[in-house]
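[1] Below are the sequence and a predicted model for it; my questions follow.
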Amino acid sequence: MTKKNILEINNLSVSVDKENIIKNLNLRINSGEIHAIMGKNGSGKSTLAKVIAGHPNYKINNGSIYLTEENITNKEADKRAHKGIFLGFQYPVEIPGVSNLDFLRLSYNSIKKANKQKELDPLSFYELVHKKAFAINMKTDFLNRNVNEGFSGGEKKKNEILQMSLLDSKIFLLDEIDSGLDIDALKDISLTINQLKTDNNCLLIITHYQKFLDYIKPDYIHIMDKGEIIYTGNSEIAKKIDSYGYDSIIKEYK
């Protein structure tokens, strides 16, 4: 099968409060691929994910972002979500007063409506979301609780994966979704992520942990430092970081 270009970033420079965070960054991700970004805290990893998703607090000073060959550099975040970008947060927010089930159904139908596809009525969606929750070993009583309110760290991450499985996006941006998980939750989430990857979508994973990449097995690993990708390689680089730390990698390749 011929791979299709899903995400292309060209010479991207980004600032926040007049501080340059991303500097002339280039990245290309094709369908069926899993890419991981690693780097020290403050290297720009999470900023990159938020900029791809359209976070309004970041100013793009130069460069472009293309999604399936469409220029989305200046598109608003909701438009990007409708076109197929999903961002899973490191710290998912709580939304008091809004049930998880209602939130998920509104999100699902919003994307369907934007793409002129059939929306689901409450009963049909209820059946669908229960199947999805069962598939990731998530208790369905979470659906009746307010969004992430009172959830443990692992439950919040599973809720992000549940959204991911429902929304059928073109690219999944997962920002340290493995942080704070015990080994069982990490295995559950990794299994679901692997199942959701197809020949028609792709993943960009931001992580610090080699263990997570043992389960996910990315095609490429990019090392970031001070807003730049300084090295791209395979899974062996993660093992090297685990043994020797980021400083040794930065000194070797920058």
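    Yes, it's here.
[2] make it CA atoms for all contacts and neighbour counts henceforth
    Will do.
[3] Determine which residue lies closest to the centroid of the chain.
    Nearest to the geometric centre of the chain sits residue 173, at 1.6 Å (CA atoms, centre = their mean).
[4] any idea how far that one lies from residue 126?
    Noted for residue 173: a distance of 26 Å to residue 126, by CA to CA, to the nearest Å.
[5] same deal with residue 219?
    As judged by CA to CA, residue 219 and residue 126 stand 35 Å apart.
[6] Can you pick out the residue with more neighbours from those two?
    Shown here are residue 219 and residue 126; by other CA atoms under 10 Å, residue 126 has more neighbours (16 against 13).
[7] which stretch of helix or strand covers the more buried one?
    Secondary structure from DSSP states H and E places residue 126 in helix 122-135.
[8] now what about that helix, what contacts it?
    101, 105, 139-140, 162, 165-166, 192 (CA atoms under 8 Å, 6 or more residues apart in numbering).
[9] pLDDT averaged over the next helix or strand after that helix - what is it?
    Of the helices and strands lying after helix 122-135 in sequence (DSSP H and E), the nearest is strand 146-147. The average of the pLDDT scores along strand 146-147 is 82.
[10] Would you pull up how far strand 146-147 lies from the middle of the chain?
    21 Å (CA atoms, centre = their mean, to the nearest Å).
[11] Please name the strands paired to it in the sheet, noting orientation.
    Taking DSSP bridges as the criterion, strand 146-147 pairs within the sheet with strand 95-99 (antiparallel).
[12] tell me which residues of the helix or strand following the strand it pairs with are tucked away?
    Sequence-wise, the next helix or strand downstream of strand 95-99 (DSSP H and E) is helix 100-114. Across helix 100-114, burial judged by 16 or more other CA atoms under 10 Å covers 100-102, 104-105, 107-112.
[13] Could you export these to CSV, including columns for distance to residue 46?
    Shown next, in CSV, are the buried residues of helix 100-114 (distance: CA to CA, whole Å):
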residue, distance to residue 46
100, 25
101, 28
102, 28
104, 24
105, 27
107, 23
108, 25
109, 28
110, 26
111, 24
112, 28
